[in-house]
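> build me a model from this:
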Amino acid sequence: QRAAPLPSYDQPSNHHDAYGGTLNEEDIRLGRGGDTNIHPGNQRYRQLVLDYMSEYQDLPCNKKSAFINGFLQLIRNYGGRFMKEDVISGTYYEIPDKEAREKIAQRFRDSKK
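Residues are numbered from 1 along each chain as shown. Okay, here's the model as predicted:
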């Protein structure tokens, strides 16, 4: 069973909301450890990567960037953001899309091993 088609976005977006404050259930919490593993947004994110893995693996290298842009848009469409904790203030901030795309690409590369 194939996953639903990703939104078609050949150009990366420049969406960035510097300080989001608090996490919501759709957010992807960046970092290491148990808290990130059990956060609902991270669980959904990992499942989406698995759902789209075969499509990603079937793509030639020159199409993977557009795929990653579409995958980020899919996350944005359901309200997800890539959030990192400011260790000094304890608040969360949204990372820039360029960094989010790098995180997505890394997750796909790491998950296929």
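
> using the three-state scheme, assign the residue nearest the centre of the chain.
Nearest residue to the geometric centre of the chain (Cα atoms, centre = their mean): I104, 5.0 Å. With DSSP: H, G, I helix; E, B strand; the rest coil as the basis, I104 sits in helix.

> which residues touch it?
49, 68, 71-72 (Cβ atoms under 8 Å, 6 or more residues apart in numbering). Backbone N, C-alpha and C define where each C-beta goes, glycine included.

> pLDDT at it, what is it?
Note on I104: pLDDT of 97.

> nearest to S111, of the contacts of I104?
V49 (5.3 Å; Cβ to Cβ).

> go ahead and confirm that closest one touches S111.
Yes - using Cβ atoms under 8 Å, V49 is in contact with S111, at 5.3 Å.

> between these two, point out the one with more neighbours.
V49 (17 against 14; other Cβ atoms under 10 Å).
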